[in-house]
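# Take this sequence and fold it.
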Amino acid sequence: MGKIAFFDCSAGAAGDMILASLIDAGAPLDAIKAGLLTISAIRGEWDIYTERVWKGTGLIAATKVHVSSIHQHDPLPAPQHDVAQVKGASRESRHDDHDHDNSSHSHSHDHSHDHSHDHSHSHDHEENHDHSYKHHNDDYSHQDQGHHHHHHHHNDHHHEHRNFETISNMIDGSGLSRWVKENSKRVFHCLAEAEASVHGTTMDKVHFHEVGAIDSLVDTIGSVLALELLGVDQVHCSFLPFSKGFVRCLHGIMPVPAPATLRLFHGIPMGPAPNGAVGELVTPTGASLMKALAKTFGQPPPFLPTASGSGAGTKDFPNHANIVRVVIGTLTDPSATVVNAHWTPMPSSTTAAPTDATIENVAVLETNLDDMNPQLFGHVQGLLLQRGALDVWLQPAQVVSKFRLFVC
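Predicted coordinates:
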């Protein structure tokens, strides 16, 4: 039978959380790094490491992924339908000594970052739930906190804003397997369609500043590569949570799910958010990974779990652990009996049955008593027990003639 990965995303999902859960389940980080290094276009621009964290009031242990980038990410304006407006927005998007001429882009991505644009800047990774996926600056009611910081001093670099075609070419030119290439491109294709729909444009005119960012590329492609390293043939997912609250993004204050995430939710079964959870629970990266890869949503098919892992987000919630869980296992025939590999014989009872027990025949005698004084029933029972009966009992029977009851 095939090998499956079942993702429990009932608390939310983001790209880094999904990747972290797979690493926690046994996907080797060194092999993931080696595969990502075959993408020559981004080689040397990133690094990845993990740490052990504890989430929720129950202190659930989980793996946290951190991706560092040498590049500073500048926000791009939302797609415009007038070239002059785009050029004007491009001029406004310049920061410090960086020349980001976006006038050649007829459409740009609508996401912004929580990055301070001095040369010793704070780079917020996609670490979910209060901003996650860098798709938004922050939850309106929850400011970003506790993110991993990367300090760089680059005064004259130019950060490329990649579109879907560029990303596809990068993946095709890598040394990754065909399975990883095709499934990675499916994920980015889902996101490109969603962004194009949200902005009323076409996929070729959507430039992914966010998806093109190094950490998002590592999270997405790394997750697909981790599935291959674990030997997974099928992906299944729980219902995704539909949250409430607001986020602040380039368009202003928006309700969650954010526009691109909501578009990705089309066709995916949704469930309620955990009690007390407010803000962004599912990021565009998390939604696109599950939409592109999951065969089913809801309960998993019958399978035999063999490994599991937990991937942590950044934000802490009052009533639940901010984690994605993955269970790796093999599909089973629902009608088949599965032998428990961990079964051991039960210890013998302290009261052993006698070895010299004999078998004897016992006869059961039954009779009906009608038209008899009920006061004599007890006397008859006593006599029978005195004469050797093992047990005597009376059972009322149905009404006979003249509405009398009888016993048997």
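# mind showing which ranges of the stretch 151-300 of the chain have poor pLDDT?
Judged by pLDDT under 70, the stretch 151-300 of the chain has its weakly predicted residues at 151-161, 208-212, 250-251.
# now with 50?
151-159, 210-211 (pLDDT under 50).
# Which stretches in it count as helices?
164-172, 178-199, 214-229, 259-264, 284-293 (DSSP state H, counting those that start in this stretch).
# Throw the ones you listed into TSV and include mean neighbour count and distance to residue 276, thanks.
In short, each C-beta sits where N, CA and C put it, glycine included. Shown next, in TSV, are the helices of the stretch 151-300 of the chain (neighbours: other Cβ atoms under 10 Å; distance: least, Cβ to Cβ, whole Å):
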stretch	mean neighbour count	distance to residue 276
helix 164-172	17	37
helix 178-199	20	28
helix 214-229	27	27
helix 259-264	24	20
helix 284-293	28	20
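# Which among the ones you listed is found nearest to residue 8?
Residue 8 lies closest to helix 284-293 among the helices of the stretch 151-300 of the chain, at 11.4 Å (Cβ to Cβ).
# which helices and strands does the closest one pack with?
helix 15-24, helix 178-199, helix 214-229, strand 234-237, helix 259-264 (3 or more Cβ pairs under 8 Å, 6 or more residues apart in numbering; DSSP states H and E).
# ok and it relative to helix 214-229, angle-wise?
30 degrees (axes from the mean of the first three to the mean of the last three Cα atoms, to 10 degrees).
# Dump helix 284-293 to PDB, restricted to CA.
Taking C-alpha atoms only, helix 284-293 is exported to PDB below (Å, rounded to 0.1, in the frame of the first residue of the first chain):
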ATOM      1  CA  PRO A 284      -1.300  32.000   1.400                       C
ATOM      2  CA  THR A 285       1.700  29.700   1.400                       C
ATOM      3  CA  GLY A 286       0.000  27.200   3.700                       C
ATOM      4  CA  ALA A 287      -3.300  27.400   1.800                       C
ATOM      5  CA  SER A 288      -1.500  26.900  -1.600                       C
ATOM      6  CA  LEU A 289       0.500  24.000  -0.400                       C
ATOM      7  CA  MET A 290      -2.500  22.100   0.900                       C
ATOM      8  CA  LYS A 291      -4.700  23.100  -2.100                       C
ATOM      9  CA  ALA A 292      -2.100  21.900  -4.600                       C
ATOM     10  CA  LEU A 293      -1.000  18.700  -2.800                       C
END
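# got the angle between it and helix 15-24?
Going by the same axes, to 10 degrees, helix 284-293 makes 60 degrees with helix 15-24.
# tell me how far helix 284-293 is from the chain's mean position?
10 Å (Cα atoms, centre = their mean, to the nearest Å).
# coming back round to it: just send the helices and strands packed on helix 284-293 back as a markdown table, with distance to residue 61 too.
Formatted as a markdown table, the helices and strands packed on helix 284-293 follow (distance: least, Cβ to Cβ, whole Å):
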| stretch | distance to residue 61 |
| --- | --- |
| helix 15-24 | 9 |
| helix 178-199 | 28 |
| helix 214-229 | 19 |
| strand 234-237 | 22 |
| helix 259-264 | 28 |
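# Indicate which one of the ones you listed is closest to residue 41.
Closest among those, using Cβ to Cβ: helix 214-229, at 9.4 Å.
# Which other helices and strands does that closest one contact?
helix 15-24, helix 29-36, strand 46-55, strand 60-69, helix 178-199, helix 284-293.
# and residue 346, what is it in contact with?
By Cβ atoms under 8 Å, 6 or more residues apart in numbering, residue 346 lies in contact with nothing.
# quick one: secondary structure of it?
coil (DSSP: H, G, I helix; E, B strand; the rest coil).
# The helices and strands packed on helix 284-293: which one's closest to residue 329?
So among the helices and strands packed on helix 284-293, strand 234-237 is nearest, using Cβ to Cβ, at 10.2 Å.
# which residues touch that closest one?
Strand 234-237 is contacted by residues 2-7, 9, 227, 290, 293-297, 300-301, 331 when judged by Cβ under 8 Å, 6+ apart.
# Output the helices and strands packed on helix 214-229 as CSV; include the columns distance to residue 339.
CSV is the format used below for those (distance: least, Cβ to Cβ, whole Å):
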stretch, distance to residue 339
helix 15-24, 28
helix 29-36, 32
strand 46-55, 34
strand 60-69, 31
helix 178-199, 32
helix 284-293, 31
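# any idea which helix or strand carries residue 383?
helix 377-386 (DSSP states H and E).
# Put the buried members of the contacts of strand 234-237 into a PyMOL selection.
Buried members of the contacts of strand 234-237, defined by 16 or more other Cβ atoms under 10 Å, are picked up in PyMOL with:
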select buried, resi 3+4+5+6+7+9+227+290+293+294+297+300+301+331
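# Out of the contacts of strand 234-237, which sit inside strands?
Those of these mapping onto strands are 3-7, 294-297, 331, per DSSP state E.
# Quickly name whichever of those is closest to residue 387.
residue 331 (65.4 Å).
# quick one: contacts for the closest one?
1-4, 234, 301-303.
# which of those lies closest to residue 335?
Closest approach between the contacts of residue 331 and residue 335, by Cβ to Cβ: residue 302, at 9.2 Å.
# How many residues are close by the closest one?
Using other Cβ atoms under 10 Å, residue 302 has 14 other residues around it.
# now it, nearest residue through space, not along the chain?
Distances taken as Cβ to Cβ, 6 or more residues apart in numbering put residue 334 closest to residue 302, at 4.4 Å, once the chain neighbours are dropped.
# what does residue 44 give?
In space, residue 44 is closest to residue 70, 7.6 Å off (Cβ to Cβ, 6+ apart).
# May I ask you to confirm that that neighbour is in contact with residue 43?
No: counting by Cβ atoms under 8 Å, residue 70 does not reach residue 43; the two are 11.4 Å apart.
# what about these two, which has more around it?
residue 70 (15 against 11).
# Relative to residue 36, how far out is that one?
15 Å (Cβ to Cβ, to the nearest Å).
# again, but for residue 374
90 Å.
# neighbour count winner among those two?
Each of residue 374 and residue 36 has its neighbours counted (other Cβ under 10 Å); residue 36 has more, 22 against 10.
# Brilliant, that's me finished.
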